[in-house]
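[1] Here is my input, please return the structure:
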Amino acid sequence: MPLRSQDIEVGASREVVVVDDLTRTQVVMYAGASGDYNPLHSDEVFATKAAGFPGVFAHGMLTMALTGKALTDWVGDERLKTFGVRFKGQVWPGDTLTTTVTVTGLTEVAGDPIVDLEVVTRSHRGDVVLSGTATARLDP
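    Numbering: from 1, shown residues only. Prediction:
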């Protein structure tokens, strides 16, 4: 479905639950898929005793991937041009994450209409765990 500049306006937003009750199994599956076997994400003893965390937590890049899916579900895989984030806090097993994508600008680059987006992902506790920006190409 085309995403055109006349169909979108500054201030428009979408909110989506990107994961409901994140499981340790999902975190370990991401470790296998990404090749990131840092024990902070899979070894409870290491995470608590050696590193001083309350337990294992999700990879930042897993949170980014879940957030990215919220973006591409709205604008489409082939339209996403840039996506950058800052990790703001840990994501723990049991967390439910909600991403809000907001249109912050409509511009044109080399004749192509571009949408500027702000992304924020929060835990069910209301904590911001990731924030960032993205741009996507729109259809004329």
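[2] hey, let's count contacts and neighbours off CA atoms from now on
    OK.
[3] Give the buried residues for the longest helix belonging to the chain.
    Longest helix in the chain, counting residues (DSSP state H): helix 60-75. For helix 60-75, a neighbour-count test (16 or more other C-alpha atoms under 10 Å) marks 60, 62-64, 66-71, 75 as buried.
[4] which element follows it toward the C-terminus?
    strand 80-87 (DSSP states H and E).
[5] Would you mind listing the outside residues contacting that next one?
    60, 64, 68, 71-72, 129-137 (C-alpha atoms under 8 Å, 6 or more residues apart in numbering).
[6] so can I have TSV of those residues showing distance to residue 111 and pLDDT?
    Output for those, formatted as TSV (distance: C-alpha to C-alpha, whole Å; pLDDT from 0 to 100):
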residue	distance to residue 111	pLDDT
60	35	97
64	30	98
68	26	97
71	23	95
72	22	94
129	35	98
130	32	98
131	29	98
132	25	98
133	21	98
134	19	98
135	15	97
136	14	96
137	11	95
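[7] quick check, nearest of the residues you listed to residue 101?
    residue 71 (7.0 Å; C-alpha to C-alpha).
[8] Please consider this matter closed, and thank you.
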